[in-house]
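**Student:** Need the 3D shape of this:
(one chain, ligands or ions: 3)
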Amino acid sequence: MALIALLPGDGIGPEVITQARRVLDALDLDLTYEEVPVGGVAYHTLGHPLPESTLDVARRADALLFGAVGDPTCDNLERSLRPEQAILGLRKHLGLFSNLRPATLFEGLEDASALKPEVARQIDLVIVRELNGDVYFGEKGRRVRPDGAREGYDIMSYDEHEVRRIARVGFETARKRRGQLCSVDKANVLETSQLWRDVVIEVAADYPDVTLSHMYVDNAAMQLVRNPGQFDVIVTGNLFGDILSDQASMCAGSIGMLPSASLDDAGKGLYEPIHGSAPDIAGQGKANPCAAILSAALMLRHSLGQAAAADRIEAAVARAIRDGARTADLGGTMTTSAMGDAVLGVL
Ligand SMILES: NC(=O)C1=CN([C@@H]2O[C@H](COP(=O)(O)OP(=O)(O)OC[C@H]3O[C@@H](n4cnc5c(N)ncnc54)[C@H](O)[C@@H]3O)[C@@H](O)[C@H]2O)C=CC1
Ligand SMILES: CC(C)CC(=O)C(=O)O
Ligand SMILES: [Mg+2]
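**Tutor:** Residues are numbered from 1 along each chain as shown. Ligands and ions are numbered 1, 2, ... in the order given. Coordinates of the predicted model:
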């Protein structure tokens, strides 16, 4: 029996994870759950956003299903205690270096997309985002310069091993899809990106069946909106992948539709919607739970060997959407639990 660590977190996290859990329960799989606090709620109850007791369960679990962290009442805390550090800490402690963020347009969501319908229909891509390095994990701090000016700094760095292992995930992902990998960087100005590009080109020698291209991140942001159909798999660093995936979500209709899988090199994974805790709508029943439900499907497929059950969940979400189920972000009036009901109704 597989053990799932359930980490609902803050804001809309618990609201969307409740719906994902209802869907998992409906499938009658051999799963057991341990729910543990993380983020602001863990800080308020246990004094730390990522308590050792939560990490213990995370380490023991076969997979983690995560909601979101971020609590505005914690905004004035020192950096190491801020709820957001919890998700960064989990990714680092568990070695979850590769983040898969698939973006497709579900039939019927053309109206919700920020793109023209005929352009929106073309979006079918995966962003492979490096998750353990880059500017998020480099040396950072504040100092006062001799001239008295305050300065903040975050060091951006990647070593060749980090780039090589995520490049391999990018190539492997492309190989299983349409065979096209676009590496996104800023090699015209960043030393980090120049190394990134060199290493990606070296790795390409092992994947003659995959077509590799390179694109600067500013152009990639523009091309995602102009012509998303040109992308199959994008491999990129932590910061660029974070930003581009939020943008891709609006091409696909809403940030409430995009799931993600954060994987180590042995099949363990943390699964979470790409969105945050959305304090502006928390507690109002407005959150779209589809990204969390689809994240549960990714968990079944990638960590638990339950591809058929994953397919069923994805098909149920697609059918519910096709039949008109819509939360507010998709232009509808359904509550979070009504959207969960719609998916369960199909199942
Ligand atoms: N993995 C994580 O836990 C993440 C945490 N955060 C944290 O979340 C907090 C809020 O960050 P924001 O920048 O506002 O990003 P956010 O993703 O929480 O929200 C951005 C906008 O999208 C909307 N939105 C997000 N998810 C939605 C859903 N499922 N259904 C409908 N609408 C949805 C929100 O209402 C908001 O208007 C911050 O503390 C941030 O650091 C942000 C991103 C990821
Ligand atoms: C706390 C943030 C780094 C999380 C985030 O925005 C993300 O992973 O998408
Ligand atoms: Mg993000």
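**Student:** quick one: contacts for the residue in the stretch 201-347 of the chain positioned nearest to ligand 1?
**Tutor:** Closest to ligand 1 within the stretch 201-347 of the chain is residue 276: 2.3 Å, counting by C-beta to the nearest ligand atom. Every C-beta, even on glycine, is put in place using the N, C-alpha and C of the backbone. Listed by C-beta atoms under 8 Å, 6 or more residues apart in numbering, the contact partners of residue 276 are 11, 68, 69, 70.
**Student:** The same query, at a cut-off of 6 Å, please.
**Tutor:** 68, 70 (C-beta atoms under 6 Å, 6 or more residues apart in numbering).
**Student:** Ok, residue 204 next?
**Tutor:** For residue 204, the contact set (C-beta under 6 Å, 6+ apart) comprises residue 212.
**Student:** try residue 216
**Tutor:** Taking C-beta under 6 Å, 6+ apart, one finds 186, 188 in contact with residue 216.
**Student:** separation between it and residue 202?
**Tutor:** Noted for residue 216: a distance of 20 Å to residue 202, by C-beta to C-beta, to the nearest Å.
**Student:** picking up where we left off before, am I right that the residue of the stretch 201-347 of the chain closest to ligand 1 sits in a strand?
**Tutor:** No - counting by DSSP: H, G, I helix; E, B strand; the rest coil, residue 276 is not part of a strand but coil.
**Student:** any idea of the pLDDT on it?
**Tutor:** Predicted confidence (pLDDT) for residue 276: 98.
**Student:** how near is it to residue 252?
**Tutor:** In terms of C-beta to C-beta, residue 276 sits 17 Å off from residue 252.
**Student:** Next, count neighbours for residue 139.
**Tutor:** 8 (other C-beta atoms under 10 Å).
**Student:** what's around the closest residue to it other than its chain neighbours, how many residues?
**Tutor:** Closest residue in space to residue 139, ignoring its immediate chain neighbours: residue 155 at 4.5 Å, by C-beta to C-beta, 6 or more residues apart in numbering. Residue 155 is flanked by 12 other residues according to other C-beta under 10 Å.
**Student:** The residue in the stretch 201-347 of the chain positioned nearest to ligand 2 sits in which helix or strand?
**Tutor:** Here the stretch 201-347 of the chain gets closest to ligand 2 at one residue, residue 242, 4.7 Å apart by C-beta to the nearest ligand atom. Following DSSP states H and E, one finds residue 242 within helix 238-251.
**Student:** Return the distance of that helix from the chain's centre.
**Tutor:** Relative to the chain's own centre, helix 238-251 is displaced by 9 Å; criterion: C-alpha atoms, centre = their mean, to the nearest Å.
**Student:** residues in contact with that helix?
**Tutor:** Outside helix 238-251, the residues that reach it (C-beta under 6 Å, 6+ apart) are 101, 103, 113-115, 123, 127, 129-130, 134-136, 184, 217, 224, 228, 255, 258, 274.
**Student:** before we move on, what about stretch 10-29?
**Tutor:** Against stretch 10-29 from outside (C-beta under 6 Å, 6+ apart): 8, 39-41, 67-71, 83, 277-279, 282, 287, 289, 292-293, 296, 309, 336, 340, 343-344, 347.
**Student:** do that again at 7 Å, thanks
**Tutor:** Contacts with stretch 10-29, where a contact means C-beta atoms under 7 Å, 6 or more residues apart in numbering, come from 6, 8, 31, 39-41, 65, 67-71, 83, 273, 277-279, 281-282, 287, 289, 292-293, 295-296, 306, 309, 312-313, 336-337, 339-340, 343-344, 347.
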